[in-house]
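**Q** Need the 3D shape of this:
(2 chains)
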Amino acid sequence: MRLGVLFSGGKDSTLALHYAAEKEEVVCLITIFSKNKESFMYHTPNIEISALQAEALGLPQITKTTQGEKEKELAELETAITEAARKFKIEGLVTGAVESVYQAERVQRICNRLGLWCFNPLWKHNQIALLEEFLEKKFKVIISGVFAYPLDEKWLGKQIDTKVIERLVDLQQKYGLSPAGEGGEIETTVLDAPLFKKKIEVLDNTVEFKGNSGVFIIEQARLVSK
Amino acid sequence: MILVVDMNWKKDSLGFYEFVLPIVKIAKTQDECIVKHFLEITNQDLSKCDSIVLSGTALKDTATLSQPEKFRWLSETEKPVLGICAGMETIGVVFGAGVIRCLEIGMTQINMMNENPLFYAGFKAYSLHSYCVKPSGDFEVWAKSTKCVQVIKHKIKPIYSVLFHPEVRNPELIERFILLSKS
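**A** Below is the predicted model:
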């Protein structure tokens, strides 16, 4: 089955892509650039890096920009998926949804209208087990956004490793924080993954932090041999 | 021992992670669990398990509905069975109920029609189906949404069916089914 992956470049959509590629044929990525930094649907920091990730994966990418108004942003998504179906003959779509019924039902409705299969291979997976899977599979994932107390600027740019996972589990117990960032507490950027033919090297970055939230912005990056 | 039946269109499919694993995760909190694809169920599996859960599938996956002969064991078994979504539709087909088009996606209000041991009042649940069951006289209707029948129970056999996906927001319903099967 030819599949498109709804791809943000964060850890979940990249892992979902790996699951999909093990079972079916992934033929393109679909990425939505939201101008609303608080979008309910789409991961936002460093989404521009997804072009480099697509190149690393050797997959074509369809991109659309949305203003990020709550329901209107879905129209752009539908346009992008329609384009993927026309250009790359996809028969189904894959998302990295884990817990969000909000995201899942909206994508399911679009796929249903377009006659496409819809797969969410990380659906309801244990969040700690997912984090550990990134380590086992040797993903290089950095924290590129923090949006909840007590996460502060020290977390930004950190690579997810055993120590980071332990601290996230600790924060889950103390503050009820979702360890995999399912409540939007954390956003991530994948710099390397098993299916990447090259890895991403960050050459320059800036950090913005205000109140209880901040982002690690990759200003310049390139692909290098693994 | 709980037998979880993978109802996806093929063994080892991409739908397995989404529709089977979450059920297994809940079932394992209650008892030991084995997972088999519907094309590979043996008499030995059926005899060694205490209860059986039939998984749901992707919205476009209707493979089991065209293969009711693979589920003849459903009308022969005395073991408690819980059919979820495609599982419910398949039970309907096996027992001669109608299966008609009915689309519901997302959180849905489930209204209780009859007192029963699985739930005690109405509740919200995650729906993902493009068909529903028009139950035959063999079944009692336990719950409905505004659009269709959501929960049925065979009048004689311990066969229960839910159209929504309890593994998403109502895991207690699967747990109660397993406890009920043990009693």
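**Q** Quick check: next helix or strand after the longest strand along chain B?
**A** As assigned by DSSP state E, the longest strand anywhere in chain B is strand B:98-112. As assigned by DSSP states H and E, the chain's next helix or strand after strand B:98-112 is strand B:123-134.
**Q** is that following strand anywhere near chain A?
**A** Yes. Applying CB under 8 Å from any CB of the partner chain, one finds strand B:123-134 touching chain A at B:126, B:128, B:130. For glycine as for every other residue, the C-beta is placed from the backbone atoms N, C-alpha and C.
**Q** picking that back up, compute the inter-axis angle for the longest strand of chain B and strand B:123-134.
**A** 160 degrees (axes from the mean of the first three to the mean of the last three CA atoms, to 10 degrees).
**Q** Show the average pLDDT along strand B:98-112.
**A** The average pLDDT within strand B:98-112 is 97.
**Q** Can you point out the buried residues in that strand?
**A** Using 16 or more other CB atoms under 10 Å in any protein chain shown as the burial criterion, the residues of strand B:98-112 that qualify are B:99, B:102, B:104-105, B:107-108, B:110, B:112.
**Q** which of the residues you listed are close to chain A?
**A** B:105, B:107.
**Q** Switch the buried residues of strand B:98-112 over to JSON lines; also include distance to residue A:114.
**A** Output for the buried residues of strand B:98-112, formatted as JSON lines (distance: CB to CB, whole Å):
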{"residue": "B:99", "distance to residue A:114": "24"}
{"residue": "B:102", "distance to residue A:114": "20"}
{"residue": "B:104", "distance to residue A:114": "18"}
{"residue": "B:105", "distance to residue A:114": "13"}
{"residue": "B:107", "distance to residue A:114": "22"}
{"residue": "B:108", "distance to residue A:114": "22"}
{"residue": "B:110", "distance to residue A:114": "28"}
{"residue": "B:112", "distance to residue A:114": "35"}
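**Q** Tell me the one of the buried residues of strand B:98-112 nearest residue A:85?
**A** residue B:105 (19.0 Å; CB to CB).
**Q** does that closest one really touch residue A:112, like I thought?
**A** Yes. Taking contacts as CB atoms under 8 Å, residue B:105 lies within contact range of residue A:112: 6.7 Å.
**Q** related to what we said a few turns ago, just the buried ones among the residues of strand B:123-134 next to chain A, please.
**A** For these, buried by 16+ other CB under 10 Å: B:126, B:128.
**Q** Reformat the residues of strand B:123-134 next to chain A as JSON lines; add pLDDT.
**A** Shown next, in JSON lines, are those (pLDDT from 0 to 100):
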{"residue": "B:126", "pLDDT": "98"}
{"residue": "B:128", "pLDDT": "98"}
{"residue": "B:130", "pLDDT": "97"}
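**Q** for the buried residues of strand B:98-112, which one is nearest residue A:57?
**A** Of the buried residues of strand B:98-112, the one sitting nearest to residue A:57 (CB to CB) turns out to be residue B:105, at 29.8 Å.
**Q** picking that back up, I'd like to know which of the buried residues of strand B:98-112 is nearest to chain A.
**A** For the buried residues of strand B:98-112, the closest approach to chain A (CB to the nearest CB) belongs to residue B:105, at 5.0 Å.
**Q** near chain B, which residues of chain A?
**A** Looking at chain B, the residues of chain A close enough under CB under 8 Å from any CB are A:1, A:19-20, A:23-24, A:92, A:94, A:101, A:105, A:108-109, A:111-112, A:115-126.
**Q** Swap in 6 Å and give it another go.
**A** A:23-24, A:101, A:105, A:108-109, A:112, A:117, A:119-121, A:123-124 (CB under 6 Å from any CB of the partner chain).
**Q** So for the closest residue to residue B:37 other than its chain neighbours, what's the pLDDT?
**A** Once flanking residues are discounted, residue B:37 sits nearest to residue B:11: 4.1 Å by CB to CB, 6 or more residues apart in numbering or on different chains. pLDDT recorded at residue B:11 is 97.
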